[in-house]
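Q: With the input below, show me the fold.
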Amino acid sequence: MIVDAAIEIGLDHFTIAQLAERLGTGISAIYRVMQTRDRIIERASTFQASQFSPPADHGQPWWDYIEACCAYYFAILTENKVRAAHFLEGGVSARSQFESGEGNYRALMVRDFAPLEAFEVMQGAKMIVGGAALSFIHLQAAQENGVDHARDARELLHAPSRAGDPAMAEIIAHFEQEAQHTDWRRHLRVYLRGVASARGEMLPY
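A: Purely as a prediction, here's the structure:
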């Protein structure tokens, strides 16, 4: 009931007093069940994440399985900014992180990955999609605050200090494109091609 009430009010701005009022109880009663506000956010975030369907393992190639896992993690992180902030602030325990990834490691081991290889490859993929999720959240917040990253990139491109520097011009032009969307799949596939190469394999893209 406490978690439901917190979600209904909004995880980014609920107060314990609001929860108590909504549930018709006292503030002390809330604290007896959930010792801190952060604890409530953790429970609520875990519940919300459970509403997403994890990727099904139906024997697809390992690279397709990893990409499906990353789509799942990206959705979990970007659907709710409070959840992402809670994760960044250390609100998700190492045990929870391991348990959420255990099935992924086992799925890769079935596909002939050594145990540590499965762990390292999956962690690398999660780091890529985690960074992409943060960039996505940042772009959303910037747009809400009237910040135009694409315009800033164009101003950089035409700055006198970069005149006659075609290499930087090419990078900045690409930066402008990146500033308008987060294409995490492209970056992930570059990484997965490296993994495949180390395994003596070749991906279809």
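
Q: all helices of the protein, in order?
A: 2-9, 16-23, 27-33, 37-50, 62-79, 81-88, 94-110, 115-144, 149-157, 166-178, 184-198 (DSSP state H).

Q: Alpha carbons of the second one, in PDB - could you do that?
A: What it means is helix 16-23. Taking Å, rounded to 0.1, in the frame of the first residue of the first chain, the C-alpha atoms of helix 16-23 are listed here in PDB:
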ATOM      1  CA  ILE A  16       6.100  10.900   4.000                       C
ATOM      2  CA  ALA A  17       3.400  13.300   5.200                       C
ATOM      3  CA  GLN A  18       1.500  12.900   1.900                       C
ATOM      4  CA  LEU A  19       1.700   9.100   2.100                       C
ATOM      5  CA  ALA A  20       0.400   9.100   5.600                       C
ATOM      6  CA  GLU A  21      -2.500  11.400   4.600                       C
ATOM      7  CA  ARG A  22      -3.400   9.300   1.600                       C
ATOM      8  CA  LEU A  23      -3.300   6.100   3.600                       C
END
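
Q: Apart from its neighbours in sequence, what residue is nearest Ala133?
A: Leu77 (3.8 Å; C-beta to C-beta, 6 or more residues apart in numbering). All C-beta spots, glycine's among them, are computed from the backbone N, C-alpha and C.

Q: separation between that neighbour and Ala6?
A: 19 Å (C-beta to C-beta, to the nearest Å).

Q: cool, Phe74 as well?
A: 24 Å.

Q: higher neighbour count, these two?
A: Ala6 (24 against 21; other C-beta atoms under 10 Å).

Q: Help me confirm that that one comes into contact with Asp38.
A: No. Using C-beta atoms under 8 Å as the test, Ala6 is too far from Asp38 to be in contact (11.4 Å).

Q: Could you pull up the residues touching Met34?
A: Residues counted as contacts of Met34 (C-beta atoms under 8 Å, 6 or more residues apart in numbering) are 2, 40, 43.

Q: Out of those residues, which end up buried?
A: 2, 40 (16 or more other C-beta atoms under 10 Å).

Q: Would you format the contacts of Met34 as TSV with distance to Gly124 included?
A: Below are the contacts of Met34 laid out as TSV (distance: C-beta to C-beta, whole Å):
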residue	distance to Gly124
Ile2	37
Ile40	33
Arg43	29
